[in-house]
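sequence and predicted model, in that order:
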Amino acid sequence: IENHLDYAPHELSGGQKQRVSLAGVMVDEVKILLFDEPLANLDPATGKQAIELIDSIQQKTDTTVLIIEHRLEDVLWRSVDRIVLVNEGRILADLRPDELLSGALLAENGIREPLYVTAMRYAGIDITPAKHPAHVDSVVLDDADTEKLRAWFRAEPLPAAKPAPTPLLEVKGLSFGYSKDQHTLSDVSFTIGKGEMVSIVGRNGAGKSTLSKLICGFETPDSGEIFFDGKDLKDENIRRRARHIGYVMQNPNQMISKPMIFDEVALGLRVRGVPEEEVKERVYDKLKICGLYPFRNWPVSALSFGQKKRVTIASVLALDPELILLDEPTAGQDYRHYTEIMEFLKHLNETLGITIIMITHDMHLMLEYTDRAIVIADGELIADDKPAKVLTDEAVADRAYLKKTSLYDLAVRCGIRDASGFAERIDPPFGNPPSGSRFFDRHIGTPPLQFVKNIITAAPNKINYIIPNNTGVIRNSYFPEDMPFFSVAISCFL
């Protein structure tokens, strides 16, 4: 950071600010460095650099390093000695990475395992510490394992193509700069259809958040047009656009204006003159959906960053928009809350037809939950394609500071030429898993009643087909046959 010593903090990127903070701590030659979610809000490539920097510092100074993080696969970009798994105030495991990744503890406690490990489970490979699964480059794959992965790839069909949707949001030739000599966006054009779920990705400072501000009317473009449902938004102010477009900002503290949770979620409804009884009903409904109902009478100040994020999502959802634009919707969330939020957004998308656009640095989110990825680099749109194709295109990934999916590396190791097709076949969690694959892999060994509770909690809208389509898998593969109460629970449940 030595070339930026005369910069003001607000002029630095997220990764540069992190380096400044780290340097400030290291001035005192500390013996222990504790990082609390160092990858939050960093683009994938910058996050990768952050892990490399931490590893380099540890090796050069022999400092003890502790990293608190949800993004396990990203942390494992460099070797770690141990992983301590904590849940509800208790240490559940203190193991070497190879040992922990071989079992089911991560999935049972809401931590996402690396995608290449999931793919190996899909293929029926027995993952043991001897296979060294901590790194995709070093995981041991014998000829039988490779053939299993190839056979799974050949047997598993690609997701069915969806019909072309009716255009809802059209951006044509959009250009904008915060000053005359600065071009934040240059000639950006794309169309998003009704009912689509799309991700916008790119490095920090690429222009993604600026694009969302232009769509919502917070900024005025220098040139270009924006149409919503065929209507030019040029003369529509922020208030009128907000009737159709909901916006959830990256930092919840910049959105929240009321001290109490209920009042914050109710604010937009009250401003619109909605009767108080209806306000109460709609607010309670959205708080339940976002997992905040128990805190309905709490002050906002008592919530964590992730909980505040869910408050802002609830506030927007209460207004019933046709399109929701979310800036980093899952930042700061553990995998359980991540899944709850994403499954809820998917539910809105599938059942109510709400169009959802997500600005994200989370490549897993892009791959698992969206059908299209719009890639912005240096203010230009450089790709608009399926997420799997974006994450297996080295040129696009390098220019946009994305991180190639580990599924690409696994496919190459197995001699599978269609790496993007391989990546597409990895289903979203709680989707419609072939033979119960991903959903049930994550619940191996879970007591039956807890298993049912997990479905209710994480994927309520998927209940009607997850269980009926997979009763054989549940009963025969993961639960002893002498557990009749499980089938009773399922019957009562349905």
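Looks like it came in fine.

quick one: the strands in this protein?
With DSSP state E, the ranges of strands along the chain come out as 32-36, 64-68, 83-87, 90-95, 167-176, 185-193, 197-201, 223-228, 231-232, 245-248, 323-327, 355-359, 372-377, 380-385.

partner strands of the first one, with direction?
Okay, so that is strand 32-36. The strands beside strand 32-36 in its sheet (DSSP bridges) come out as strand 64-68 (parallel).

ok, and what's touching the partner strand?
31-38, 54, 57-58, 75, 80 (Cβ atoms under 8 Å, 6 or more residues apart in numbering). For the C-beta atoms, the positions are set from N, CA and C on the backbone; glycine is no exception.

next, the buried residues of that strand.
V65, I67 (16 or more other Cβ atoms under 10 Å).

closest to G193 out of the contacts of strand 64-68?
Of all the contacts of strand 64-68, G193 sits closest to E37, with 34.7 Å by Cβ to Cβ.

drop anything exposed from the contacts of strand 64-68.
For the contacts of strand 64-68, a neighbour count by 16+ other Cβ under 10 Å gives the buried set as L33, F35, P38, I54, V75, V80.

in TSV: those, plus distance to L319.
Compiled in TSV, the buried ones among the contacts of strand 64-68 are given as follows (distance: Cβ to Cβ, whole Å):
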residue	distance to L319
L33	43
F35	37
P38	35
I54	42
V75	37
V80	44
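
contacting residues for the closest residue to L101 other than its chain neighbours?
Closest residue to L101 apart from its sequence neighbours, by Cβ to Cβ, 6 or more residues apart in numbering: P133 at 4.5 Å. Applying Cβ under 8 Å, 6+ apart, we find P133 in contact with P97, D98, L101, S102, P114, V117, M120, I127, V139.

got it, and K162?
Contacts for K162 (Cβ under 8 Å, 6+ apart) come out as D371.

what about it, distance to H135?
35 Å (Cβ to Cβ, to the nearest Å).

likewise V248?
The gap separating V248 from H135 is 35 Å, by Cβ to Cβ.

quick one: low-confidence residue ranges for the stretch 151-300 of the chain.
Residue ranges of the stretch 151-300 of the chain with pLDDT under 70: 159.

can you show me the helices along it?
Applying DSSP state H, counting those that start in this stretch to the stretch 151-300 of the chain gives helices spanning 208-216, 238-241, 261-271, 276-289.

just say which of those helices is most tucked in.
Of all the helices of the stretch 151-300 of the chain, helix 208-216 has the most neighbours on average by mean count of other Cβ atoms under 10 Å, namely a mean of 22.

which residues touch A93?
Neighbour list for A93: I83, V84, L85, L100, L105 [criterion: Cβ under 8 Å, 6+ apart].

for these, which one is nearest L267?
L85 (39.0 Å).

beta partners for the closest one?
Beta-bridge partners, per DSSP bridges, of L85: A93.

and for it, the neighbour number?
17 (other Cβ atoms under 10 Å).

ok, longest helix in the protein?
Counting residues, the longest helix in the chain under DSSP state H turns out to be helix 44-61.

how much space is there between the residue nearest to L174 when sequence neighbours are not counted and K172?
Nearest non-adjacent residue to L174, counting by Cβ to Cβ, 6+ apart: G224, 3.6 Å away. Distance, G224 to K172, by Cβ to Cβ: 6 Å.

give the residues shared as contacts by those two.
Here G224 and K172 share the contacting residues S189, scored by Cβ under 8 Å, 6+ apart.

what about the residue nearest to Y293 when sequence neighbours are not counted, distance to K258?
Nearest residue to Y293, sequence neighbours excluded (Cβ to Cβ, 6+ apart): L287, at 4.5 Å. Note on L287: its distance to K258, by Cβ to Cβ, is 14 Å.

now the residue most central in space within the chain: closest residue in space, sequence neighbours ignored.
Nearest to the mean C-alpha position of the chain, by Cα atoms, centre = their mean, lies L365 at 3.5 Å. Closest residue to L365 apart from its sequence neighbours, by Cβ to Cβ, 6+ apart: T330 at 6.1 Å.

pLDDT at that neighbour, what is it?
As predicted, T330 sits at a pLDDT of 80.

OK, contacts around it?
The neighbours of T330, taking Cβ under 8 Å, 6+ apart as the test, are H337, Y338, I341, M342, T360, D362, L365.

same thing but at 7 Å, please
Counting by Cβ atoms under 7 Å, 6 or more residues apart in numbering, T330 touches Y338, I341, M342, D362, L365.

out of those residues, who's the most crowded?
In terms of neighbours by other Cβ under 10 Å, these top out with M342 at 26 neighbours.
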